[in-house]
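Peer 1: The following comprises the amino acid sequence and a computationally predicted model.
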Amino acid sequence: MNDIFIILTLVIILISIVILRSYLLKKRKYKLKISLNANYFIETLNKLIDENKYNLLEERIRLKETDAYGNEDLKKWIGNPPLDEISIKKSLNNDSKRFKEGIPYFWEKVILKEFSGQESFFEKWDSYQKVNPIITDEIIGADRILLSEDWFIFIASQIEKSCLRILGKNTLKKNNQNYKNGIIFESHCMEILKQNGWKVKETPNTGDQGVDLIASIDNVRICIQCKNHKKVVGNKAVQEISAGKLYWKGTHAVLVSKSGFTKSAQKLARANKVVLINDSELKDLGKLFF
């Protein structure tokens, strides 16, 4: 009788161990899935914002309204989409105007597409909430729980921060149209380089030391300054990119201009081994260094 009791006890213990191990394994897999989804969410969101930041800023500028006293109205840019999944699905199916422009349009046409649909997006947003349950609410000035309906506020905040960083990159420029053209030209140059095999990154928003882009392939590291001026570019830009190349430890320096260079700048560039080109020549940049 005692032997049967011992055997039954051992069987129960073994079954309990198996059940516990299975539970712990499922729990571990669940945590891993949540963590991977959360990382995918924020990394994908940041990547899409970074890839489209100049277009986003251009849309922000287009949709922004300013009154006679200089007060900005960003309602059209930020928008007012529905926040719960059922209402969102209904609005999208009905081709609602609430997703026709600004940040809501970017969310539907770019972000949602990258996440392969609404269901996948909110699954990964839910995971991000679980991993990051508390946020600092800048409006109320305190920490609070991150809610499900905060998804749009979160995305709009990330996009706004990106736009404001670009705007703050050159606060001394007073002509907004020239500045807008400048950042669009920089983005244009970046895309040409990427399409032709270069790995391209931008310098930080402050302290760029005259370098806008750094293009790399293998051991070649090219420091690039982009100038979208109506007049020919002079010595100052050559001096800036020469110093910037040393600061960023580049192997080469390139100055891109849509309007050419002064004779003095060309002479100085030869002396400092700075390559002077226009944007149409960027596609063949590799031929100059390989």
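Peer 2: Okay, I see it.

Peer 1: biggest strand in this structure, by residue count?
Peer 2: strand 220-227 (DSSP state E).

Peer 1: Sheet-wise, list the partners of that one with their directions.
Peer 2: Using DSSP bridges, the strands paired with strand 220-227 are strand 213-217 (antiparallel), strand 252-257 (parallel).

Peer 1: From the contact counts, what lies against the helix ranked longest in the chain?
Peer 2: Longest helix of the chain, by residue count under DSSP state H: helix 2-51. Applying 3 or more C-beta pairs under 8 Å, 6 or more residues apart in numbering; DSSP states H and E, we find helix 2-51 packed against helix 118-131, helix 151-167. Quick note: C-beta positions are derived from backbone N, CA and C, even for glycine.

Peer 1: In the first one, which residues are buried?
Peer 2: In other words, helix 118-131. 121, 122, 124, 125, 127, 128, 129 (16 or more other C-beta atoms under 10 Å).

Peer 1: just to revisit the earlier point, and the longest strand of the chain, C-alpha only, in CSV?
Peer 2: Extracted C-alpha coordinates of strand 220-227, given in CSV (Å, rounded to 0.1, in the frame of the first residue of the first chain):
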residue,chain,number,x,y,z
VAL,A,220,36.0,54.9,-48.2
ARG,A,221,34.3,57.5,-46.0
ILE,A,222,33.3,60.7,-48.0
CYS,A,223,32.3,63.9,-46.2
ILE,A,224,29.8,65.8,-48.3
GLN,A,225,28.4,69.3,-48.1
CYS,A,226,25.3,70.1,-50.2
LYS,A,227,24.7,73.6,-51.5
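
Peer 1: now for whichever helix or strand comes after that strand, which elements pack on it?
Peer 2: Toward the C-terminus, strand 220-227 is succeeded by helix 235-247 as the next helix or strand (DSSP states H and E). Counting by 3+ C-beta pairs under 8 Å, 6+ apart, the packing neighbours recorded for helix 235-247 are strand 220-227, strand 252-257, helix 263-272, strand 274-277.

Peer 1: could you dump those to a markdown table with mean pLDDT, distance to residue 242 and mean neighbour count?
Peer 2: Shown next, in a markdown table, are the helices and strands packed on helix 235-247 (pLDDT from 0 to 100; distance: least, C-beta to C-beta, whole Å; neighbours: other C-beta atoms under 10 Å):
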| stretch | mean pLDDT | distance to residue 242 | mean neighbour count |
| --- | --- | --- | --- |
| strand 220-227 | 94 | 9 | 23 |
| strand 252-257 | 95 | 6 | 24 |
| helix 263-272 | 94 | 4 | 15 |
| strand 274-277 | 95 | 6 | 20 |
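
Peer 1: Make CSV out of those and add distance to residue 3.
Peer 2: Formatted as CSV, these follow (distance: least, C-beta to C-beta, whole Å):
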stretch, distance to residue 3
strand 220-227, 77
strand 252-257, 84
helix 263-272, 93
strand 274-277, 89
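
Peer 1: looking at these, which is closest to residue 113?
Peer 2: strand 220-227 (29.2 Å; C-beta to C-beta).

Peer 1: Tell me which residues are up against the closest one.
Peer 2: Strand 220-227 is contacted by residues 182, 185-186, 189, 210-216, 233, 237, 240-241, 244-245, 248-259, 279, 285, 289-290 when judged by C-beta atoms under 8 Å, 6 or more residues apart in numbering.

Peer 1: One more pass at 7 Å, please.
Peer 2: Strand 220-227 is contacted from outside by 185-186, 189, 210-215, 233, 237, 240-241, 244-245, 248, 250-257, 289, using C-beta atoms under 7 Å, 6 or more residues apart in numbering.

Peer 1: now it against helix 235-247, angle please.
Peer 2: Angle, strand 220-227 to helix 235-247, by axes from the mean of the first three to the mean of the last three C-alpha atoms, to 10 degrees: 150 degrees.

Peer 1: Run the chain-centre distance for stretch 209-223.
Peer 2: Centroid separation for stretch 209-223 versus its chain: 19 Å, with C-alpha atoms, centre = their mean, to the nearest Å.
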